[in-house]
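Engineer: Need a 3D model of the sequence below.
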Amino acid sequence: MSQGTADIPYMSKELSWLSFNERVLQEAQNPSVPVIQRLRYLGIFSNNLDEYFRVRVADVSRLAEFSSSTEEKEGHKDLLTQIQQATLKLQTQFEQTYLDVLKTLRKRKIYLVNEQKLDPVQDATVAHIFNTQVLPELDPIILEPSTPFPEITDGLIYLAFRLACTNGSERYGIVEIPTDRLPRFIQIPQREGSRGIVFIVLENIIRHSLIKMFRGVYDIESAAAYTFKVTRDAELELGDGINQTLIDKISHSLKKRKLGDPERFVYDQAMPEDMLNVLTRRLNLDKYHSIMPGSRYHNAKDFMNFPSVGPAYLEFKPLETLQVEELAGFDGNIFDRIREQDILLNFPYHAFDPIIDLLKTAAIDPAVKTIHICLYRAAHNSRVVDALLSAKSNNKDVTAVVELQARFDEAANIDWARQLMEGGVKVIFGVPGLKVHNKLILIGRQEGGLKYYTHIGTGNFNEKTSRSYTDFSLLSHHQDIGKDVANIFDFISYNYRRHDYKLLLVSPHTNRSGFEGLIKQEITNAEAGLPAAITLKCNNLVDPSIVSLLYRASAAGVRVRIICRGMLSLVAGVKGVSENIQAISIIDRFLEHSRVYIFHNAGEPKYYLSSADLMTRNLDFRVEASVPVLDPLLQQRIQDVIDIQWCDNVKSRKLDADQTNSYRRYKINGKIRSQEVIHQYFSTGVLPDAVKRARKRWKKELIATSKRQSK
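Structural biologist: The predicted model follows:
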C-alpha cells in the first residue's frame with residue numbers, strides 16, 4: 001500500500017489514516033476493554049470516518065476532478081477506489097464488532113432492542129413516547145417526480161420509506177430523524193419478569209409508529225423504512241480579507257457546508273434496489289462516490305455519548321487528576337512561582353486549573369498590563385474566555401487571536417469572537433492564507449520594566465479536551481522566550497513584518513528549516529562516528545521532505561524512534577532505507593495529542609514542545625510555535641514520559657509497511673500500559689525499574705550502532 005520509488009517508499013496519507021482508524025476499531029474489538037467503553041470506541045471510529053470523508057476524501061475528489069493532467073486524474077481516481085475498498089473492509093469489521101458488543105452488553109443485562117421485540121408494556125411506552133415527543137418533530141416529505149429532491153443535510157440520518165396504500169398505489173418519501181433535538185438512546189421499561197436496563201434508538205420508535213406519522217392522510221396497508229445518511233465535502237469557500245466580513249463569509253459558508261458535494265452515501269443493505277436507485281440518482285452519485293451498504297443503524301458516532309449505566313467496571317476506572325509538583329499546596333500569586341522556575345504541565349494527568357489560575361490572576365493583578373492569547377478551540381462554557389473578559393473589565397490591554405477557520409469549530413469561534421469584541425477585547429482574525437494554530441499566552445507584567453510570562457503548549461485552551469487529550473504546557477518567565485512570543489503576536493498583527501527568533505522555531509518562517517537542520521546535525525554526528533538519535537512524538541508525520549531526510553538519517557546510522565498516533569507516510573524498518581527507524585502508535589483511554597521532538601545532539605539533548613505536526617501545512621502554511629525546554633529537570637520529566645511510552649507493550653502497535661497494526665510485544669520485564677504508568681509516575685515521582693533498564697539498553701544500542709557505522 002506504499003507509494004513512491006523503490007528507494008523512497010511513501011505511504012499515502014489517506015490510506016495511512018484508515019490504518020489509524022483501524023487501530024481505534026481494535027480497541028472496540030478488544031474484550032479486555034470495558035464493554036461500554038468498547039461501544040464508545042465504535043462511536044469514535046464512526047465519528048472519525050465521517051470527518052475523514054468530509055475533509056480528506058473530499059480533497060482527493062477535488063483533485064480527481066480538477067487535476068490538469070490525465071495521469072494525475074487517474075492516480076487520484078485509483079486512490080478513491082482504494083479508499084472505498086479499505087473502508088468497506090473496515091465497515092464489515094465494524095458490523096461484526098457491533099454485534100459482539102451487543103452480545104456482551106446483554107450478558108451485563110443492558111439491552112438495545114428494536115421495535116419488533118417489545119412486550120405489551122414496552123409497546124405502550126414506545127407508542128406514548130412517539131405521540132408526545134417524537135411526532136411533533138417529524139416532517140415527512142413525499143417524493144414526487146415533479147418536485148425537487150429535498151436537501152439532505154450532512155451529519156444527520158434519514159429514513160427512506162415506502163407506503164403500500166389500500167388502493168394498490170405506492171408512495172415513497174424520506175423523513176429526517178431529529179437527533180439534533182431528541183436523544184438517540186431512550187430508556188424504556190424492562191420486560192415483565194426480567195431484570196436489566198433497556199434502550200431503544202430513536203429511529204426504531206419512528207419505525208414502531210410509522211403509519212401514525214401520516215396523521216390519517218393516506219389509507220395505508222403497510223409501511224417500511226430504511227436508514228441512510230450522506231457525508232458531504234466540508235471545505236469552506238472563502239474569499240480574501242480578514243475582517244468583520246470574514247465572519248459573514250464563514251457564517252454563510254457554514255450553511256453551504258451542510259449541503260456540500262456528497263462524498264459518501266451509507267444505506268441499510270436491506271433497502272430495496274429500486275429505492276436505492278432513486279436515492280442515488282436524485283443525489284447525483286456515481287461510481288467514484290463511496291456508496292456503502294451497512295446495517296440497519298447509522299451515525300454510530302452517537303455511541304460516543306452512550307449513557308453511563310450499570311456497574312462501574314463497565315467503564316474505565318477514573319484516574320485521579322493530579323497537581324503538578326511545583327504548584328501542589330501553593331496558594332500564592334502564581335507569577336511568583338513561575339518567576340522562580342519554569343513549570344511543565346502534562347494533561348490530563350495534571351489539572352488544567354493552573355492555566356485558568358494564570359489568566360484569572362492576570363485579570364486582577366495590578367502589575368499586569370497586557371494579555372495576548374491565541375484561541376483555536378475553546379470549551380463550551382469557557383472559563384478562559386470569562387477570564388479574558390474579566391481582565392478587560394479591569395482595564396487590562398487584552399488581545400485575542402481567534403482562528404475562525406478551525407475546522408468544525410467555526411461557528412463556536414464566531415460566537416466567542418463576538419462575545420470578546422462586545423466585551424471590549426481586541427480580536428484579531430488570524431493571518432491571510434495562514435491558520436493560527438499555536439497555543440500561546442503572553443502576559444506583560446510591570447516589574448521595574450515590562451516582563452513577560454509565557455505559555456507555550458501542544459494543545460488547545462479547552463477545559464473539556466484537557467481531560468481526555470494528552471498535551472504539554474510550559475509556563476515560563478524566560479525573557480528570550482517571551483520576546484520571541486511577542487514577535488509572533490506582532491507578526492500576526494502586522495504580517496508584513498519579519499522577525500529573527502532567538503529560541504523558538506516558528507511556522508511559516510523557521511520550523512521547517514529548524515527541524516531539518518536538527519535532523520541534518522544528527523546525520524553529521526553519525527557520520528563522525530558519534531551516537532546519534534532522534535525521537536519524534538506527534539499526531540501525523542507525512543511531509544515528504546521530512547520523510548526523505550529521516551531516511552537519510554537512518555542510512556547514516558541515526559537511530560530514529562517515532563510515536564505517531566495518526567497518519568505516518570514514512571515506512572519504517574525497510575532494509576537499506578529505514579532499518580534504523582522504528583515506529584509505534586498508542587491508542588488508549590486518552591487521545592495522544594502532544595508533539596515532542598528530541599534530538600540527541602552528541603549527548604547534550606535538545607527538547608522541543610510544539611503545536612506543529614510534521615505535515616506540510618503545519619510547517620509552511622500555518623502559524624505554529626516550537627519551544628525548546630531549557631530546564632534540565634523538565635527535560636528529564638519529558639524524557640521519562642517518552643521512555644514510558646516507548647516501553648508500552650499493552651496498548652502500542654507496530655507501524656510497518658504491511659499496516660497490520662499488530663500489538664507490539666516490547667521485550668521488557670512486566671507489562672507497561674503507558675498512560676496508567678505515566679499517571680503513577682506523576683503521582684509518586686518514581687520511574688519503573690523496567691523503564692530504567694530499557695533506557696540503559698537503548699543507550700547501549702546507540703553506541704553499538706555508531707561503532708558499526710564508523711567501521
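Engineer: Please make it C-alpha for all contacts and neighbour counts, starting now.
Structural biologist: OK.
Engineer: what distance separates the lengthiest strand in the chain from the centre of its chain?
Structural biologist: Counting by DSSP state E, the longest strand found in the chain is strand 220-232. Relative to its parent chain, strand 220-232 has a centroid offset of 31 Å by CA atoms, centre = their mean, to the nearest Å.
Engineer: before we move on, what about stretch 210-227?
Structural biologist: How far stretch 210-227 lies from its chain's middle: 41 Å, per CA atoms, centre = their mean.
Engineer: cool, stretch 603-619 as well?
Structural biologist: Distance of stretch 603-619 from its chain centroid, counting by CA atoms, centre = their mean, is 18 Å.
Engineer: So for it, what gets flagged as buried?
Structural biologist: Neighbour counts using 16 or more other CA atoms under 10 Å place 606-619 of stretch 603-619 among the buried residues.
Engineer: right, and the helix or strand after the helix ranked longest in the chain?
Structural biologist: In the chain, with assignment by DSSP state H, the single longest helix is helix 70-107. Per DSSP states H and E, the first helix or strand lying C-terminal to helix 70-107 is strand 110-113.
Engineer: Now the element after that next one, going C-ward?
Structural biologist: Per DSSP H and E, the first helix or strand lying C-terminal to strand 110-113 is helix 120-129.
Engineer: wait, which of the buried residues of stretch 603-619 is closest to residue 115?
Structural biologist: residue 613 (47.0 Å; CA to CA).
Engineer: Next up, the contacts around that closest one.
Structural biologist: By CA atoms under 8 Å, 6 or more residues apart in numbering, residue 613 lies in contact with 538, 539, 540, 541, 595, 619.
Engineer: quick one: pLDDT of the last one?
Structural biologist: The one in question is residue 619. pLDDT recorded at residue 619 is 97.
Engineer: which SSE is it in?
Structural biologist: helix 616-620.
Engineer: circling back to that earlier point, which ones among the contacts of residue 613 are found in helices?
Structural biologist: Per DSSP H, those map to helices at residue 619.
Engineer: just the contacts of residue 613 now: which is nearest residue 526?
Structural biologist: Within those, the smallest distance to residue 526 is 22.7 Å, found for residue 541 (CA to CA).
Engineer: thinking that closest one is in contact with residue 614, fair?
Structural biologist: Yes - the pair residue 541 / residue 614 is scored as a contact, 4.7 Å apart, by CA atoms under 8 Å.
Engineer: where does the stretch 1-150 of the chain dip in pLDDT?
Structural biologist: 1-7 (pLDDT under 70).
Engineer: Mind listing what's buried along the longest helix of the chain?
Structural biologist: Buried, per 16+ other CA under 10 Å, within helix 70-107: 73, 75-77, 79-81, 83-84, 87-88, 90-91, 94, 97-98, 100-102, 104-105.
Engineer: returning to that earlier point: pLDDT-wise, what's the bottom of the buried residues of stretch 603-619?
Structural biologist: Ranking those by pLDDT puts residue 617 at the bottom, with 93.
Engineer: Quick one: residues contacting that one.
Structural biologist: Residues counted as contacts of residue 617 (CA under 8 Å, 6+ apart): none.
Engineer: those strands in the stretch 501-650 of the chain, which residues are they?
Structural biologist: Using DSSP state E, counting those that start in this stretch, the strands of the stretch 501-650 of the chain run over residues 505-507, 533-538, 559-564, 581-586, 591-592, 595-599, 606-610, 622-628.
Engineer: For the ones you listed, give me TSV that also has distance to residue 662.
Structural biologist: What follows is these, written out as TSV (distance: least, CA to CA, whole Å):
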stretch	distance to residue 662
strand 505-507	35
strand 533-538	19
strand 559-564	15
strand 581-586	10
strand 591-592	18
strand 595-599	24
strand 606-610	29
strand 622-628	32
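Engineer: and of those strands, who's closest to residue 41?
Structural biologist: From those, taking CA to CA, the stretch that ends up closest is strand 591-592, at 11.6 Å.
Engineer: re the thing from before, relative to the longest strand of the chain, what are the paired strands and their orientations?
Structural biologist: Partners of strand 220-232 in the sheet, by DSSP bridges, are strand 157-165 (antiparallel), strand 262-268 (antiparallel).
Engineer: hmm, back to that, next one: the helix holding residue 619 to chain centre, how far?
Structural biologist: That offset, for helix 616-620, works out to 18 Å (CA atoms, centre = their mean).
Engineer: For residue 391, give me its contacts.
Structural biologist: Taking CA under 8 Å, 6+ apart as the contact definition, residue 391 lies against 360, 362, 363, 364, 397, 398.
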